[in-house]
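In: can you look at this prediction? I've put the sequence above it.
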Amino acid sequence: MSTLPNVLLSLLLTSIFSFLAPVSLIGALLAVLFLIGYLPGLDAVAQVGVEQVSQFLSIFGTGSSLHGTLTIGLVCSLVGVLFDMFTFYRYQNLRD
């Protein structure tokens, strides 16, 4: 049996989960900061936090926070795929 379909499925799943992990982490961080803004006395802290995260993301997205989030997600996805390919390569060499 050919292992190519299994490898391609593994690479696809790895790329999807490696992309979703940092994007969901950034989204959760922003959601928590927005929710903190509803607490009395902490609205200034939340506003500064959202501004800092937005500025950090705009560095990677050449001025756009959304592009920064996508850039970080794509880079993490690429790294995950490279690790998965390396693991497959090592498994093939150790099996022989």
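Out: Now that the structure is in, tell me what you want to look at.
In: which strand or helix spans the residue positioned nearest the centre of the chain?
Out: When Cα atoms, centre = their mean is applied to the chain, the residue found nearest the centroid is Pro22 (2.3 Å). Take DSSP states H and E as the rule and Pro22 turns out to sit in helix 4-36.
In: I'd like the next helix or strand past that helix.
Out: helix 43-60.
In: could you point out which element follows that following helix?
Out: Downstream of helix 43-60, the next assigned helix or strand under DSSP H and E is helix 65-95.
In: pull out the buried residues from that next one.
Out: Within helix 65-95, the residues that qualify as buried are 65, 68-73, 76-77, 80-81, 84, counting by 16 or more other Cβ atoms under 10 Å. (C-beta placed from N, C-alpha, C; glycine too.)
In: tabulate these (TSV), appending distance to Leu29 and pLDDT.
Out: Listed next are the buried residues of helix 65-95 as TSV, based on distance: Cβ to Cβ, whole Å; pLDDT from 0 to 100:
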residue	distance to Leu29	pLDDT
Ser65	12	94
Gly68	13	96
Thr69	11	96
Leu70	16	97
Thr71	16	96
Ile72	12	97
Gly73	14	97
Cys76	15	97
Ser77	19	97
Gly80	20	97
Val81	24	96
Asp84	26	95
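In: include distance to Gln55 when you put these into JSON lines, please.
Out: Compiled in JSON lines, those are given as follows (distance: Cβ to Cβ, whole Å):
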{"residue": "Ser65", "distance to Gln55": "8"}
{"residue": "Gly68", "distance to Gln55": "10"}
{"residue": "Thr69", "distance to Gln55": "13"}
{"residue": "Leu70", "distance to Gln55": "17"}
{"residue": "Thr71", "distance to Gln55": "15"}
{"residue": "Ile72", "distance to Gln55": "14"}
{"residue": "Gly73", "distance to Gln55": "18"}
{"residue": "Cys76", "distance to Gln55": "20"}
{"residue": "Ser77", "distance to Gln55": "24"}
{"residue": "Gly80", "distance to Gln55": "26"}
{"residue": "Val81", "distance to Gln55": "29"}
{"residue": "Asp84", "distance to Gln55": "33"}
